[in-house]
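1. pasting the sequence and the predicted model now:
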Amino acid sequence: MLKSIRKATRSWATKGVMIVIALSFVLWGVGDIFRGGGPPPVAKVGDYDISLSAFSQEFSQAKNLRQRQTGRIVTDDEARAQGLDSQVLLRMVGDALLEQEAERLGLAIPDGVIQDEIMATPAFWDEQGNFDRELYRRLLAQNGFSPADYEDTLRRDRVRRQLSRTITAAPSAPHSWAGTLHRYRGEKRVVEYLLIPSNAQKDIGEPGEAELTAFHQENAARFTAPEYRAVSFVELKPDALLGEIELSDDDLYFEYENRLAEFYLPQQRRVEQLLAPNEALRDEIRDSLQASGGFRETGEALADKGVTHVAFDYVTERDLLPEVSPTVFALSRGGVSNPIETSFGWHFFWVRDVVAPHTKPFDEVRDMIHAEYAAELALDGLYQLANHFQDELAAGSTLEEAAFALGLPFVQFQAIDASGRTPDGTQLGNLPDPSGFIERAFTTPEGMESDLAETSDGDYYILRVDEVTPATLRPLDTVRDEVIAAWKASHEQQGAERRAQDAVKRLSQGDSLEELAAGLGLAVETSPPLTRDGKNAGSLGPALRNIFELNPNGVDAVSAPVAEGYLVARVKEVQHADLDAEAIGRITDELTKGLTVEMHAQYQVALQRRYPVRVNFDVLNSIFR
């Protein structure tokens, strides 16, 4: 079965090249993303159409990127549950709005800028780090682009970015805002409190039969057995197919050659840096180096004065500050730079080693290519196996018969609840896609099979609900001890609540916390300094919000239920946040970013008035059926 699949998936070699092209774009988009006729569009933005095919391509690229980021397969259902479809559509709508506005304003990017950007893209460089026009054309052609299409896409993308950055270049948020927020977040309160335990009341007594029956009925949810379902399922996993896959070195080398750009490494340099915060130390560093002092020795000798020494282990040109990178990468091995001034101070660099740009050899990446290629073939094979399985079911086979025909395991659970537990409380393990499996098991009608579902790991499964046992209130006689214990706990907590409310009232009338504690046989406790985020609140957590709403005069108090009973607390001390320029700076940056986001959102709203947006949800949903 897998021989034909292997032939059909030979084009996998070109899939890796799409990564190169996708990474060339900062914003999603290909040249014809908003244009074209044919089927009804997913959305219409002013005069632009977002076609079904364009959205499908963008969604697929976004999903593939998510998979590379997470290192696992992401299904369509999972991607939609995470809102990826909405994110893609919003991005495409935003691009359409910006592109139309840029056209209206007559914005354009010079050809020279586009040419410079293309020539600076490492994916289009040869092994010497020079732009290779033939490689450029070949990579584009392998992905169905002409140079004109690609360059037009870059141009439109950069115009949109230029317009967006111009509009959202928000001024820095006022320091007064940041200061206020810093004081609010950093305020700490120390409280004195009493913990009135719920078990302090010893005279609860025993409930009468009528009282117990009423409590049982009024709290039926606490004593109801959950709905149980008997479920059978079949799971299809790619791991079962890996043993059938045979890949020759010719197969793997073919993949390697088509993914050369992926394995290209630009020039790297091992460098050391000395950084002086002022001109005087700059001159001391220069004198030391000229006197044959080493970088490390000079750094150690001047460390107390503020000089820092850092060793960088094989960095690329993009890893360094743009102000220093050209100078460092113009030095030969063993070269020492003249001092370079940046906003951080004065930099000296010593190039200890140079690694020329190169492509990783086949032997170094062979195992990785084998694993990825085999996994891809196994996934494709699993897809074919899933189709065969569905064909068996469509021909009238039962779940058991279809599983037997294809040599797949058939699993049965006699009873599980909506949390995945059996009647004895055992949590079932090794379920395919646990949360999704349970949800399907409890939404599939009795006697029916679910759709074939794909898990986040790329597996498939299908289940059948064999029997449903409805949720049932357990008879009182079978849970009598449990009901009595719950009745007593409820009355104990009510007693603690009454004593806490009385304590708060007496505190407001002038009694001291110490007097109340003595009368109740309790001790007054003092909290550590508490913050609004509750990181060290402990048992005071339920009362934290009320504590910060109290007038900190030592008279007002608050009560709140906790696990052990009821808490009565009042503010003893307020500690105001210390002035922290670094923290205020971070908050200023945070608020500035928020302003930028808000300005962008407001601009989008304004553009939507000029270019109305209409989404065809029927067309959008048809993609995922």
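-> Arrived safely, thanks for sending. Numbering: from 1, shown residues only.

2. tell me the secondary structure for Val231?
-> Secondary structure for Val231, judged by DSSP: H, G, I helix; E, B strand; the rest coil, is strand.

3. quick check: the gap between it and Arg464.
-> With distances taken as Cβ to Cβ, to the nearest Å, Val231 is found 7 Å from Arg464. Heads up, the C-betas are built off the backbone N, CA and C, glycines and all.

4. what do you get for Ala523?
-> Distance, Ala523 to Arg464, by Cβ to Cβ: 61 Å.

5. all helices for the stretch 201-350 of the chain, in order.
-> 209-218, 239-242, 249-258, 279-290, 295-301, 325-328 (DSSP state H, counting those that start in this stretch).

6. between these, which gets the lowest average pLDDT?
-> Lowest mean pLDDT of the helices of the stretch 201-350 of the chain: helix 239-242, a mean of 72.

7. other SSEs contacting that one?
-> In terms of contacts (3 or more Cβ pairs under 8 Å, 6 or more residues apart in numbering; DSSP states H and E), helix 239-242 is packed against helix 362-394.

8. next, the angle from the helix it packs on to helix 249-258.
-> Interaxial angle of helix 362-394 relative to helix 249-258 (axes from the mean of the first three to the mean of the last three Cα atoms, to 10 degrees): 110 degrees.

9. can you pull the buried residues of helix 362-394?
-> 362, 365, 369-370, 372-378, 380-382, 385-386, 389, 392-393 (16 or more other Cβ atoms under 10 Å).

10. can you pull out the low-pLDDT segments for the stretch 451-600 of the chain?
-> 553-555 (pLDDT under 70).

11. switch to 80 and redo it
-> Low-confidence segments of the stretch 451-600 of the chain (pLDDT under 80): 454, 456-458, 539, 551-555, 563, 579.

12. quick one: the strands in it?
-> Remark: strands assigned in the stretch 451-600 of the chain by DSSP state E, counting those that start in this stretch are 453-454, 460-469, 472-473, 525-526, 558-562, 565-575.

13. kindly report the same for the stretch 101-250 of the chain.
-> Using DSSP E, counting those that start in this stretch, the strands assigned to the stretch 101-250 of the chain run over residues 188-197, 224-225, 228-236.

14. of all those strands, which one comes closest to Thr478?
-> strand 224-225 (9.6 Å; Cβ to Cβ).

15. tabulate the strands of the stretch 101-250 of the chain in a markdown table, adding columns for mean pLDDT.
-> Formatted as a markdown table, the strands of the stretch 101-250 of the chain follow (pLDDT from 0 to 100):
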| stretch | mean pLDDT |
| --- | --- |
| strand 188-197 | 90 |
| strand 224-225 | 90 |
| strand 228-236 | 92 |
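
16. can I get those strands in a markdown table with distance to Val615?
-> Shown next, in a markdown table, are the strands of the stretch 101-250 of the chain (distance: least, Cβ to Cβ, whole Å):
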| stretch | distance to Val615 |
| --- | --- |
| strand 188-197 | 48 |
| strand 224-225 | 43 |
| strand 228-236 | 35 |
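
17. who wins for proximity to Gln162 among those strands?
-> strand 188-197 (46.5 Å).

18. using CSV, write out the CA atom coordinates for the closest one.
-> Coordinates of each C-alpha in strand 188-197 appear next as CSV, following Å, rounded to 0.1, in the frame of the first residue of the first chain:
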residue,chain,number,x,y,z
LYS,A,188,1.3,46.5,49.8
ARG,A,189,-0.9,46.0,52.7
VAL,A,190,-0.3,44.2,56.0
VAL,A,191,-3.4,43.0,57.8
GLU,A,192,-4.3,41.6,61.2
TYR,A,193,-6.8,38.8,61.1
LEU,A,194,-8.7,36.1,62.9
LEU,A,195,-9.4,32.8,61.5
ILE,A,196,-12.8,31.5,62.8
PRO,A,197,-12.8,27.8,62.2
